[in-house]
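> below is the sequence, then the predicted model.
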Amino acid sequence: MLHRRLWLFAALAILPTLAIFAWVRLFPIVETLRLSLHKWDILSRNKPFIGLANFQELMGDRLFREALLNTSIIAFGVLIVTIPLALVLAALIHHRTGSRFGPFNESAIFVPHIVSLVPAAMAWKWIFDAQLGPLNALLGVFGIPAQAWLFDPVWSIVCIIILCSWQALGYAVLIYIVGFRSLPESVFEAAKLDGATGRQAFWHVAVPMLKPITLYVSVVTLISAFNVYAQALVLASDSQGAPGRQVRVLVLDMIENSFRNYRVGYAASEAVVLLVIVLSLTLIQFGLLREKGRR
Amino acid sequence: MTTYAAFTHALRRAAPAGAVSGLVTAALLATASGAMAQTITVWSGYPELAPFYTHVAEGLKAENPGLEVRVEAIPLREHERRIALGLTSGSSGALVLEMPGSTAARYIENELLPPAPDDIEAFVRADGNFNEFFIDQASYQGEVYGVPLFRGQGALFYNTEMFEAAGLTAPPATMEEFTDYAEKLTVRDANGNPTRSGWSMRLSGGGQGIAEKFWINLHQYGGALLTEVEDGKWKADFANEAGRKALGQYLENVHTLKTVTPELPADAEAFEREQTAMFIRESWVVGDIAAKAPDLPYATAPLPTGSIALPAQLYVSADGAEAEAAWKFALATNEPENLIWLLDNVGWLPNRVNVDYSPVTDAKPGFSGFLNVPEDYVFFTLPAIGPIEEVLTRLAARLVEAFGNASLAGDDAAIDAFLAEAAAETNSILEREGLLAQ
């Protein structure tokens, strides 16, 4: 009887939280799934059911395909840049924890993550500016010709990868530092006794033991990078036009279809595709890292 | 179009302000009885217009001390999204909304914007206030829904000192001359790369502006992105000789003559910093130059055959007493004193005809290229059809790719193939929406 009452109390206590979670997290997902099967222009009361027509149209939509390709390149680019770099930086910072610059190092790495996105992107836009940017000025010192970073189809994507990685790095390093600090000292001492160098201990001891952290950081980084939007928008936008090449990404395409083209059902089908991609990649990451972790 | 041309001529020989202010004043007095404590919000898509709306609100304050006007002016694309979300959610309070008729049509069709009350309709239709073109733009199926305010109209801005230095004594009169002039006006470094563009063209960025600017050039060659073939039915009309010439000119300037490149500073900012010799833009640049580069030696000139004219109206989304206050505000924007202030301080061209703007236009010759246009000057505007934004945005994305494709330059067959593919996409959008002409 007491057990049942406790269970009831626990259920009632958690109910408001569950209700809020369902309202703000589950309902929008279900509604997006529903909308993706309808034709809706955001203004009309009519939302005729059209089955999978939105998805069929998506397959032939060159702007969607371009957005999907760009977003995937950016997301994996950010992942490839961020994870190894964060791991190495975290190891270096952890190694120098005792130094008087330790707190400064941690803060300096983390600051980009908390800086407001738009001003940060504006600053990077200036850095990449073909005419006035310091990057080209620096390259000029070494005799390297100036590049139109924000206008070239390839470089403009690389610029977004750099910007996103710069922002994601701080968080990843922070999590890795926590991971390093939780590793037992005894394992490293044992490795040292066995004659392992610092580099060998890092590679053969720390990296395998940090796999759960790597899993978490890579999932968060990948999901975040697939949702890239503001970076692409700011690097290509200007109050007076002629600013930079608009790198089309999925979220940008969705917003354009929703609020410029008034095709909310169509945009919802894009959101469903993005959801499926991110879910699939997350499951694959979980599978890969857990499988290897067991070996 | 001819009625619109007549309007611009009427504007130049406009009546004295004092003689026509009576109608607005009377309308204001007629609605003043409802002035209680109310809050209305003005949503604008042009940040430079915020001081204008604030000026209008301050003018209303004297006789409406209880009226609070919040002015929220943000960039156009965000403004469009805000309207879509705000009107459909119905949670934005009493709003005065600034938008073109082509955008408003969607909301009116879905009963999200109410028709104007009788006194506002009477003001809009009153003889001599507005040209028929603007009354049409503010109306839907014969009923007035908005108050005409200003318009975006293109003209050529050119740096007179740079022209003089290049031995050019008059602005270009044909599109062929535009290219010739651009070549003469371009400044290059030792390697031949341009450091100052001869003619700043819109080549990159996001949104439909690229397609609109392309349409302006296309218009000079007698083409149009869309043509209404029968009542309410449209088709793409740029996969032809006019389209080839317009796109060919872009490509020639970017890739063959290199009078402009995407990465060179562009637009009004570049013109004000003397980083480009000429460009086509709306009249707000006159106000912008006055504020940011008052010593800039420049003049304006009409385009060879005609220009875009994008009128913006004020619409209201509110109920009861707040609606009354919102309409009163919309009406107050059209007081002669406020319109003259708008032209003088912001630079957008007011649409009301029977106001004497000469104190401003005489003092600021920069408006000459917008007002002193030939009798046969032909204007066009964006069609008020649902998918117009999608048509322009998708075409803009294709144009950016084309402008960057050097292999298209000088290859008429490749240009034709590009235009045919782009026109097919435009027509498929029209077909999906049941708007394609057979």
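Thanks, I have it.
> CA atoms for contacts and neighbours, from now on please.
Will do.
> tell me the SS of residue 235?
No chain was given, so I picked chain A. A:Leu235 falls in the helix class when you classify it by DSSP: H, G, I helix; E, B strand; the rest coil.
> the intended chain is chain B.
Local secondary structure at B:Lys235 is given as strand here, using three-state DSSP.
> number of residues surrounding it?
24 (other C-alpha atoms under 10 Å in any protein chain shown).
> and if you look at B:Ala37?
The burial count assigned to B:Ala37 is 13, neighbours taken as other C-alpha under 10 Å.
> doesn't B:Gly66 make contact with it?
Yes: using C-alpha atoms under 8 Å, B:Ala37 makes contact with B:Gly66 at a distance of 4.0 Å.
> can you list the residues of chain B near chain A?
For chain B, the contact set with chain A under C-alpha under 8 Å from any C-alpha of the partner chain comprises B:75, B:80-81, B:84-85, B:88, B:106-107, B:110, B:112, B:202-206, B:262-269, B:387, B:389-390, B:400.
> again, only this time at 7 Å
Contact residues, chain B versus chain A (C-alpha under 7 Å from any C-alpha of the partner chain): B:81, B:84, B:88, B:107, B:110, B:202-206, B:262-263, B:266-268, B:387, B:389-390.
> element containing whichever residue of the stretch 251-400 of chain B sits closest to chain A?
Chain A sits closest to B:Glu390 of the stretch 251-400 of chain B, with a gap of 4.9 Å, by C-alpha to the nearest C-alpha. In this assignment (DSSP states H and E), B:Glu390 forms part of helix B:388-403.
> ok, residues contacting the next helix or strand after that helix?
Tracing the chain C-terminally past helix B:388-403 and defining elements by DSSP H and E, one meets helix B:412-432 next. The set of residues external to helix B:412-432 that reach it, using C-alpha atoms under 7 Å, 6 or more residues apart in numbering or on different chains, is B:235-236, B:238-239, B:244, B:391, B:395, B:408, B:436.
> flag every buried residue along stretch A:173-182.
Within stretch A:173-182, the residues that qualify as buried are A:173-177, A:179-180, counting by 16 or more other C-alpha atoms under 10 Å in any protein chain shown.
> mind listing what the residue of the stretch 251-400 of chain B closest to chain A touches?
For B:Glu390, the contact set (C-alpha under 7 Å, 6+ apart) comprises A:260-261.
> at 8 Å instead, please
A:257, A:260-261, B:429 (C-alpha atoms under 8 Å, 6 or more residues apart in numbering or on different chains).
> with B:Asn351 instead?
By C-alpha under 8 Å, 6+ apart, the residues touching B:Asn351 are B:130, B:134, B:148-151, B:311.
> can you tell me how far it sits from A:Glu270?
Taking C-alpha to C-alpha, to the nearest Å as the measure, B:Asn351 and A:Glu270 are separated by 41 Å.
> helices of the stretch 1-150 of chain B, residue ranges please.
Counting by DSSP state H, counting those that start in this stretch, one finds helices in the stretch 1-150 of chain B at the ranges B:2-12, B:17-31, B:50-61, B:76-89, B:101-109, B:118-125, B:132-137.
> got phi/psi on B:Gly232?
The main-chain torsion angles of B:Gly232 are listed as degrees, to the nearest 10 and equal phi 80, psi 0.
> pLDDT weak spots in chain A?
A:1-2, A:237-243, A:290-295 (pLDDT under 70).
> how about A:Ile83, nearest residue that isn't a chain neighbour?
By the measure of C-alpha to C-alpha, 6 or more residues apart in numbering or on different chains, the closest residue to A:Ile83 outside its immediate chain neighbours is A:Ser218, 6.7 Å from it.
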